[in-house]
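Student: sequence unknown, structure follows:
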Ligand SMILES: NC(=O)c1ccc[n+]([C@@H]2O[C@H](COP(=O)([O-])OP(=O)(O)OC[C@H]3O[C@@H](n4cnc5c(N)ncnc54)[C@H](OP(=O)(O)O)[C@@H]3O)[C@@H](O)[C@H]2O)c1
């Protein structure tokens, strides 16, 4: 049964109202392309079930990108949405232009390929995946403005931009009567750099939303690797080489997982649901999160984060424990 109770929020200062959680779809890259090999290939039926479970749980938007399998993620997403039979309003789409080894002219040149991959579903949010192209950020943003004016996209977002580039992007869009909807950056209870490098404060000051990617620290905050450290050996991609997934790294983050579990018991929810709930509430309405999923039960678990709300003292206690873990040598 569909969860229709989930409260929507405006993304930045736009009229795009979406759920605080979206579904990240890097996992739908079919194991191909520049970054797609990070995850194993998922079959179409499973992908569709993950998308349907997310929609039923109240999610109304999906984050994809050109670079996720060279368009494979966009294609499977749009095909699944068509098969499920949801309208454009029920399933908003955020995708991204890939800047590396390109100039800003590629923004206009490739937009028709993006639209085709998405079966002409509207691009509600078009993001610059990261700031590094052969063209300046100024030129990239101006090319995005042209796409809005031509009616190809609805809102402009950025990703992995530092404070200076974010503020600059916001300024150029504002001069042109538009607004910067969001900056998509890495953020979780185990990665809080944006709280120290000025990105979060500037975003709050300027009314720009933050879209938190890797909000579960690529599965770490679920506690499943703490429960079964051998699990990491089966993981595709580079996670198994990262120290945070090894014995000492797991021991370091364990106190946070223990706290998430114990708070979760009160609400009858999982550690990952507590982690996601913290992420979308600790900073008021500024932060949206886009957990990815490779199994239907992941999607089911993640939408469960929308069914309760941590109280202020719990939000603070989780924050304190997270800082202790992050500051531990
Ligand atoms: N803009 C950017 O540069 C950028 C960079 C990275 C990601 N992203 C976006 O952010 C999305 C999410 O980030 P992410 O995929 O890096 O990390 P994430 O959402 O923190 O972790 C996703 C992974 O965690 C595990 N997982 C998720 N929910 C679970 C649950 N309830 N129980 C157990 N395990 C669970 C799964 O791992 P297993 O598959 O191993 O089970 C899943 O593939 C991506 O899909 C993508 O859309 C954007």
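Tutor: Perfect, I can see it now. Bear in mind the structure is a predicted one, so any value in this text is a computation, not a measurement.
Student: is residue 47 in a helix, a strand, or coil?
Tutor: What DSSP: H, G, I helix; E, B strand; the rest coil gives for residue 47 is helix.
Student: make 37 the starting number, not 1.
Tutor: I'll keep to 37 as the first residue from here, and by that count the last item is residue 83.
Student: against the ligand, how distant is residue 251?
Tutor: Remark: distance between residue 251 and the ligand (Cβ to the nearest ligand atom, to the nearest Å) = 5 Å. For the C-beta atoms, the positions are set from N, CA and C on the backbone; glycine is no exception.
Student: okay, now the closest residue in space to residue 199 that isn't next to it in sequence: neighbour count?
Tutor: The shortest distance from residue 199 to any non-neighbouring residue, by Cβ to Cβ, 6 or more residues apart in numbering, is to residue 234 (4.3 Å). Around residue 234 there are 15 other residues, counting by other Cβ atoms under 10 Å.
Student: and residue 349, by the same measure?
Tutor: Quick note: residue 349 (other Cβ under 10 Å) scores 8 neighbours.
Student: for the stretch 137-286 of the chain, what lies in contact range of the ligand?
Tutor: By Cβ under 6 Å from any ligand atom, the part of the stretch 137-286 of the chain that sits against the ligand consists of 165, 195-196, 220, 249-255, 258, 260, 271.
Student: got a winner among those residues for most neighbours?
Tutor: Neighbour counts for those peak at residue 251, which has 30 neighbours (criterion: other Cβ under 10 Å).
Student: identify the farthest-apart pair in the residues of the stretch 137-286 of the chain next to the ligand.
Tutor: The distance between the two most remote of these (Cβ to Cβ) is 28.5 Å, for 165 and 260.
Student: show me where the stretch 87-236 of the chain has helices.
Tutor: In the stretch 87-236 of the chain, the helices defined using DSSP state H, counting those that start in this stretch lie at 108-120, 141-153, 173-185, 199-211, 235-242.
Student: neighbours around the residue nearest to residue 245 when sequence neighbours are not counted, how many?
Tutor: The shortest distance from residue 245 to any non-neighbouring residue, by Cβ to Cβ, 6+ apart, is to residue 218 (4.3 Å). Applying other Cβ under 10 Å, we find 25 residues neighbouring residue 218.
Student: could you check how far residue 218 is from residue 247?
Tutor: Using Cβ to Cβ, to the nearest Å, we find residue 218 at a distance of 5 Å from residue 247.
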